[in-house]
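> This is a predicted model, with the sequence first.
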Amino acid sequence: MIVQLQSFDHATTPVSRLLNNAGFWRSLPRLCNDIPTARLLMTADTLRPEDVQAGFRGIATLDKYLPPGVMAYRVEYEDFLHSVIQAVRYMRLYLVIDAGLDEEGLLSTLSSYGMAAYPLERAMLRPFQEGIDEWEAIKADNGYWGMLRTKSQQGGILTPRTLHNLLGLDFPLWVSLHVYTMPQGETLKMLRQKAATASHEDSNKLADVQDAQTTESSIMRLRQELGQGSALHTIALHVMVGAPDKASLEARLEMVHGATPLEMYRVYGSGDMAKKLFSSTPYLETDGTMLTTPGVAMLASSAMSFRRRTETRGVLLGIDRNQSPVIFDIFDDRSPSYNMVILGITGSGKTFAALLLMLRHLLLGARLIIVDPQGNVDLSFLGEDVSHRAVLGTAEATINLLDITHEEIGNQVEYVLAMLRMLGVHNNTGWERAVLDTALMNLYKPIWDDEDADNPTLPDLHNELDQLSHNHEVDDVRVAAGRLAFNLHPYTTGSRADLFGHHTKVDFSLDYPVNVFDVSRLPQQEVGGSLRAAMLAILVANVNQSIRARRRAGDTAPILFFVDEMGILMRDPVIAAYISTEYKTARARLVGMIVADQDLHSLLGPQDERGLHHGVPMLANAANTLIFHQKDSERDRIKTYFPSLPTSIADALPALQRGTCIAQLPDDLLVVNVIPSRLDKVLLSSRLQDRERAREIIEEMTQEFLSGDE
């Protein structure tokens, strides 16, 4: 049986993972049908720019469905891909084993030992299809091939990078790491025999006596290690090298000798062995270099940790430290969620990266929703039929806090109570809460099942409270109602009436592919933090309600919803609970929520009565995380909430340059340089002169594109 293994990056992997596979090699006698052997096969391949472009085209929206402005951007993006991506050498990794399990059982077993595996995506590549064994080399249809094998006696120290220089050579390589695990009975028998031989050594030569003592000492150490759960193995590393001619082959074989610290020798007449090694048939050889389980695990980890990212289906985020393109699709069905958290101080590049990802996902058919706190996002260059922008905080773009945004009336009332508390209308005391609950129910209950009815407004609530203050038979109710009605005056007839005292005038239909909500004119956090938070809360709630309406109407386009300054919404427990619930259930609605903030302290928000931070569910339900430059004071908090992040990576966060981030993806952990094109830098610039230039560039590209079609 053969399965494909998922490799990992040694530079960004916790040290503990390097030895996680030890249990698998120790368990071979229990897992295998006959002789307990298994082997790792490593085959060289190259990721080319054409492969990345083909992966993008495989999931991108067809050209004929793209508006002219978006099509112009796509043409430039594909040209950019071809120019920025270099050919990347990588290894495909396979495991061959004669296991007494079916494929699903083997995959589950490997997963329990920390070895991520999946069924073959395609037939395993072989060094050649046909060849003639000419003793010194194999003459094949694609050149000449020679083989090296490790010697039985080895010295030195194994490290996680032992095989990396070998696997990084830029010519055809096929590598096999064959492992045989001795059953316990065989191991004990061999140790007894060697101990007996050493103890009965009757030579009077000093060298023989010293050898016997060394053997006895080694046997004692082995027994101690075996007593701690280890096993004894033999391993054999075979390297198949290809070249266009015999002279090149000899030179490359010498390079292989120098690229690995392991002692190796030339295998002559290797045709039959190559046929057995690089196939799915079991190879039952038991001879080789003797190692205990930790040594085998370290050598296997060296093979598995030679990681080069090779995903091609999606859009480009940037380039990692191995110069591999970081391509991913937020809406990949293999992801546990479609959500993303982005952290980074002002000026680190977090907002630019979010907008870049969203703009590129537009090419995949995603609908974009952007909450812009700075007023810097202007995507109107895409065309009036593509991009819509609403500026909140003005009399022309009001939002009604009493808009119905929940499916159940109880949750709707609770949400409104939370926003009114943020505005300072009430303090959540007994009488105030009861009176507001009564007034809100009087407003909502008659219209709850009537989809055509207008939503109540704050003036309607004020009138309802005013009536209770005059007509209710209970004195305490009249007093509380009068006080609440007075507290509403600033929002119904006072200085904030233009923002809060009317029906919603913002277009939440989400009919456009790109929907930008500019909230820069809302009261700033420093002078009106609660007002800003309340407006953002009802904005997010209205957007989510509109998304549900579109889904009920049959719209199935994926939606990316980006909210910056997310920490503001995490301060109130009711609002935080609502946002967290929407965040956790977004995948079911085919929504990817991207939330951003400066640091964890802001994103997590305050603690509740149980000592839990409101923003913790955000981190728990984010499949993707990008962490840009962080202050040194955040280091301990980062380590606490990202325990799998290697210490070396966490310590490097305060030194990250603008545009560089730690990307924690469902299947990877990378240090990434976000790569925009020159056009992206203009299109996403906040400078006024660049915005005008962006329109001109897209218009020119659109005209060229349209004239070319004609």
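Ah, there it is. Numbers count the residues shown, from 1 in each chain.
> Distance of residue 552 relative to residue 111?
38 Å (C-beta to C-beta, to the nearest Å). The C-beta positions use only the backbone N, C-alpha and C, and glycine is treated the same way.
> and these two? which has more neighbours close in?
Neighbours per residue, other C-beta atoms under 10 Å: of residue 552 and residue 111, the larger number sits with residue 111, 12 against 8.
> Go ahead and confirm the more buried one touches residue 105.
No: the criterion here is C-beta atoms under 8 Å, and residue 111 misses it with residue 105 at 10.7 Å.
> So which bits of stretch 114-124 are buried?
114, 115, 117 (16 or more other C-beta atoms under 10 Å).
> Where does residue 486 sit, in terms of helix or strand?
helix 475-487 (DSSP states H and E).
> now that helix, how far from the chain's geometric center?
52 Å (C-alpha atoms, centre = their mean, to the nearest Å).
> Return the set of buried residues in it.
Buried residues in helix 475-487, defined by neighbour count with 16+ other C-beta under 10 Å: 477, 478, 480, 481, 482, 483, 484, 485, 487.
> same question, stretch 621-641
Neighbour-count burial for stretch 621-641, counted by 16+ other C-beta under 10 Å, picks out 621-630, 634-635, 638, 641.
> How about stretch 58-69?
59, 60, 61, 66, 67, 68, 69.
> So which of these is the closest to residue 36?
Among the buried residues of stretch 58-69, residue 59 lies closest to residue 36 (C-beta to C-beta), at 42.6 Å.
> pLDDT score assigned to that closest one?
At residue 59, the model reports a pLDDT of 94.
> That one: what's its closest spatial neighbour, skipping adjacent residues?
residue 313 (5.4 Å; C-beta to C-beta, 6 or more residues apart in numbering).
> Was I right to think that neighbour contacts residue 327?
Yes: if you go by C-beta under 8 Å, residue 313 and residue 327 touch, sitting 7.2 Å apart.
> which residues are common contacts for these two?
Residues touching both residue 313 and residue 327 by C-beta atoms under 8 Å, 6 or more residues apart in numbering: 55, 56.
> more crowded one of these two?
The residue with more neighbours, out of residue 313 and residue 327, is residue 327; 22 against 17, by other C-beta under 10 Å.
> so is that one in a helix, a strand, or just coil?
Classification of residue 327 using DSSP: H, G, I helix; E, B strand; the rest coil returns strand.
> Kindly point out which residues are neighbours of both of residue 111 and residue 105.
By C-beta under 8 Å, 6+ apart, no residue touches both residue 111 and residue 105.
> For stretch 305-322, measure first residue to last.
One end of stretch 305-322 sits 13 Å from the other (C-alpha to C-alpha, to the nearest Å).
> My error: substitute stretch 493-507 in the last question.
Stretch 493-507 stretches 24 Å from its first residue to its last (C-alpha to C-alpha).
> which residues touch that stretch?
388, 390, 392-401, 403, 423, 454-455, 457-459, 490-492, 517, 522, 531, 535, 539, 542.
> In helices, which of these fall?
Those of these mapping onto helices are 458, 459, 490, 491, 492, 531, 535, 539, 542, per DSSP state H.
> just the residues you listed now: which is nearest residue 695?
Checking the ones in helices among the contacts of stretch 493-507 against residue 695 by C-beta to C-beta gives residue 539 as the nearest, at 27.0 Å.
> I figured the closest one was touching residue 398, is that so?
No: using C-beta under 8 Å, residue 539 makes no contact with residue 398, being 11.3 Å away.
> so what's residue 651 up against?
residue 635.
> secondary structure element for it?
helix 647-652.
> Give the buried residues for that helix.
649, 650.
> low-scoring stretches of the stretch 451-600 of the chain, by residue?
Applying pLDDT under 70 to the stretch 451-600 of the chain flags residues 525-529.
> will you turn the buried residues of stretch 58-69 into CSV that also has secondary structure and distance to residue 437?
Formatted as CSV, the buried residues of stretch 58-69 follow (DSSP: H, G, I helix; E, B strand; the rest coil; distance: C-beta to C-beta, whole Å):
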residue, secondary structure, distance to residue 437
59, helix, 49
60, coil, 51
61, coil, 48
66, coil, 50
67, coil, 48
68, helix, 53
69, helix, 49
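> With respect to residue 180, which of the residues you listed is nearest?
Nearest to residue 180 among the buried residues of stretch 58-69, with distances taken as C-beta to C-beta, is residue 59, at 43.5 Å.
> any chance of the buried residues of stretch 114-124 in a markdown table, with pLDDT and secondary structure too?
Below are the buried residues of stretch 114-124 laid out as a markdown table (pLDDT from 0 to 100; DSSP: H, G, I helix; E, B strand; the rest coil):
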| residue | pLDDT | secondary structure |
| --- | --- | --- |
| 114 | 88 | coil |
| 115 | 91 | coil |
| 117 | 90 | strand |
